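[1] attaching a predicted model along with its sequence, questions to come.
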Amino acid sequence: MKLSQEVIRIDYYFDSAIAKVTVESVTLWMALAAITGLMTYTLYRHRKISAPTAILLPILVFYLSFVLTITVFERATSRRAQYELELFWSYRVAAKRRPELLWENFWNVLLFVPIGAMTASILRKRPWLGAVLGVLLSVGIELTQLWLHRGLFEFDDIFHNTVGAVIGVGVYLLVIRSLQYDGPAQSVDEPKGRKGSDSVEGGGER
């Protein structure tokens, strides 16, 4: 019985987010991603960015559009600004009477994992900036909610979003490290150093 209740709670937060997604919004996301794709393809053709970056940027724009839709644009507007300035208030309330708030915290973490991973991959020379951008995005969302009276401004959301972004960066670093151990010793920017590596490898044969 307890397990089924937890599944219902998970479905509630998932369904509440999906319910805010409309055909019009998805069409807009795809249009923004397509425009970004054309721009990144042009930059790639002129060798300004790498192929992975050209692929990831449109995906990131699509995902960010989804995040902004469910957190700001499709939120109901209240008469007054709503805010909760107590850090970790959700855990205190969850322990007393509303355990479902723990699932809300879980989704707030999970929501920013892809953002941290993708931004770290795009900014691979400084992957830690993925966490910084996650914090800035979360703060921007919360301030926009406060300004537009859409949703609850709270430090708990900023904290959990930041944790998600940091986890995303960590996942990216783990994947890169595992690829470096499993494959040949090649850097991500292999085309830039290929000539030098070939000369070193061939030096013993000449």
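    That came through, no problem.
[2] what ranges does the chain have for its helices?
    Ranges of helices in the chain, per DSSP state H, are 2-18, 23-45, 51-68, 89-96, 101-122, 129-148, 155-182, 190-201.
[3] and of these, who's closest to residue 79?
    Judged by CB to CB, the one of the helices of the chain that comes nearest to residue 79 is helix 129-148, at 12.2 Å. In this view, the C-beta of every residue, glycine as well, is placed from N, C-alpha and C.
[4] just the residues contacting the closest one, thanks.
    Residues outside helix 129-148 that contact it (CB atoms under 8 Å, 6 or more residues apart in numbering): 64, 67-68, 71-72, 75, 77, 81-83, 112, 115-120, 123, 150-154, 157-158, 161-162, 164-166, 168-169, 172.
[5] cutoff 6 Å now
    71-72, 81, 112, 115-116, 119-120, 123, 151, 153, 158, 161-162, 165-166, 169 (CB atoms under 6 Å, 6 or more residues apart in numbering).
[6] can you say which of the helices of the chain is packed in most?
    helix 101-122 (a mean of 20; mean count of other CB atoms under 10 Å).
[7] need the helix or strand of the protein with the lowest average pLDDT.
    Lowest on mean pLDDT, DSSP states H and E among the helices and strands of the chain sits helix 190-201, with a mean of 47.
[8] show me what contacts the spatially most central residue of the chain?
    When CA atoms, centre = their mean is applied to the chain, the residue found nearest the centroid is residue 115 (1.6 Å). Going by CB under 6 Å, 6+ apart, residue 115 touches 134, 165.
[9] again, 8 Å this time
    Here residue 115 is in contact with 60, 63, 64, 67, 130, 133, 134, 137, 164, 165, 168 (criterion: CB under 8 Å, 6+ apart).
[10] report pLDDT for residue 90.
    pLDDT, residue 90: 94.
[11] touching, it and residue 103? I think so.
    No. Look at residue 90 against residue 103 with CB atoms under 8 Å: they stay out of range, at 10.5 Å.
[12] what about residue 26, distance to residue 39?
    21 Å (CB to CB, to the nearest Å).
[13] show me where pLDDT drops low in the protein?
    For the chain, the stretches flagged by pLDDT under 70 are 1-15, 182-206.
[14] if I look at the residue lying closest to residue 51 once chain neighbours are set aside, how far off is residue 52?
    Closest residue in space to residue 51, ignoring its immediate chain neighbours: residue 44 at 6.2 Å, by CB to CB, 6 or more residues apart in numbering. In this structure, residue 44 and residue 52 are 10 Å apart, going by CB to CB.
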